[in-house]
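>>> Got a sequence here, can you build the structure:
(one chain, ligands or ions: 2)
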Amino acid sequence: MVIIMLGAPGTGKGTVAGILTSKLGIPQVSTGDIFRKHIKEQTELGKLAESYISKGQLVPDDVTIDLVKNRLKDSDVQNGIILDGFPRTVKQAEELDKILNKEGKKVDIVINLTTPEEEIIERIVNRRVCSNQDCKTIYNLVLNPPKQEGICDKCGHELIQRKDDNVETVKSRLENYFELTSTLVEYYEKQGKIYSALVSKAINKLGEDVAEDIVKYIENLK
Ligand code: AP5
Ligand code: MG
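Residues are numbered from 1 along each chain as shown. Ligands and ions are numbered 1, 2, ... in the order given. Purely as a prediction, here's the structure:
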């Protein structure tokens, strides 16, 4: 099963994908996480990605498509994948369709998360993530704080703040989302693949509830 997590920055793609991975046993692949790993290791790809990510811009399509194309060859994702943050442009979506078609696969479901913009900024500036690459649990200092300040509940590693989690960069990420990515809702709506969920404190929807609803929806598809 190929699941795509679509949504503006901070809508909860990573949070919901993480819960879905444990509920469905399907690996989560986040292009943002892969880029951040490369940035940390200062590889050539990392240096290039950093020059875009630090300004809140998208990494160029050819680079991102190549990265995902190669990742899709790995043995752990042959029976299913949750793509978190890819595709983000129509070009990426078209290329993904081509890659999957060649293998007799297709995108099965596109989870489109939406959150009011004012909540997004608040969420992102208060986000902290586990520094352990094998854990990467996501917290929020206000909405979902760790039990012990600065320490991951799950693995005990230090929590860090992402470099692109500041108000200025978030605004640019949001602009890019509305300009380049939001059109994908229509792209997948035409294919009848969209599952939309409003994730907002106004309706008290937490990541766990959203993931449970998605699992039920997927079970009914079978
Ligand atoms: P990426 O890492 O994907 O960042 P993003 O899209 O900006 O999304 P975020 O990770 O910020 O938010 P999220 O939706 O995962 O929310 P989260 O679950 O953490 O990409 C980073 C950069 O890499 C991009 O800007 C771009 O430059 C580049 N890039 C990546 N993919 C690319 C591509 N395909 N093409 C080109 N460039 C690409 O939640 C946010 C916060 O809210 C957390 O604190 C969490 O605890 C809290 N929260 C989550 N859900 C809830 C809830 N239901 N209730 C209360 N709080 C919640
Ligand atoms: Mg994320």
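
>>> Verify the contact between K163 and A49 for me.
No - between K163 and A49 there is no contact under CB atoms under 8 Å: 11.7 Å. In short, each C-beta sits where N, CA and C put it, glycine included.

>>> Up against ligand 1, what does this protein have?
With CB under 6 Å from any ligand atom as the criterion, the chain meets ligand 1 at residues 7, 9-15, 30-32, 35, 52-53, 56-59, 64, 85-88, 92, 123-124, 127, 138-140, 143-144, 173, 199, 205-207.

>>> picking up where we left off before, which one's more surrounded, K163 and A49?
Taking neighbours as other CB atoms under 10 Å, K163 and A49 compare with A49 leading, 24 against 12.

>>> got the residue ranges for the helices in this protein?
Using DSSP state H, the helices of the chain run over 13-24, 31-41, 44-53, 61-71, 90-102, 117-125, 167-176, 183-189, 207-221.

>>> Figure out which of those helices is closest to ligand 2.
helix 13-24 (3.1 Å; CB to the ion).

>>> And the residue most central in space within the chain, how far from Q148?
The chain has D84 as the residue nearest its centroid, 3.2 Å off, counting by CA atoms, centre = their mean. D84 is 27 Å from Q148, where distance means CB to CB, to the nearest Å.

>>> of all the residues in this structure, which ones are close to ligand 2?
Contacts of the chain with ligand 2, taken as CB under 5 Å from the ion, map to K13, G14.

>>> Give the residue spans of the chain that score low on pLDDT.
Residues of the chain meeting the criterion pLDDT under 70: 204-205.

>>> check contacts around whatever residue of the chain ends up closest to ligand 1.
Relative to ligand 1, the nearest point of the chain is G32 (2.0 Å; CB to the nearest ligand atom). Listed by CB atoms under 8 Å, 6 or more residues apart in numbering, the contact set of G32 reads G14, I53, D84, G85.

>>> out of those residues, which is most surrounded?
D84 (25 neighbours).
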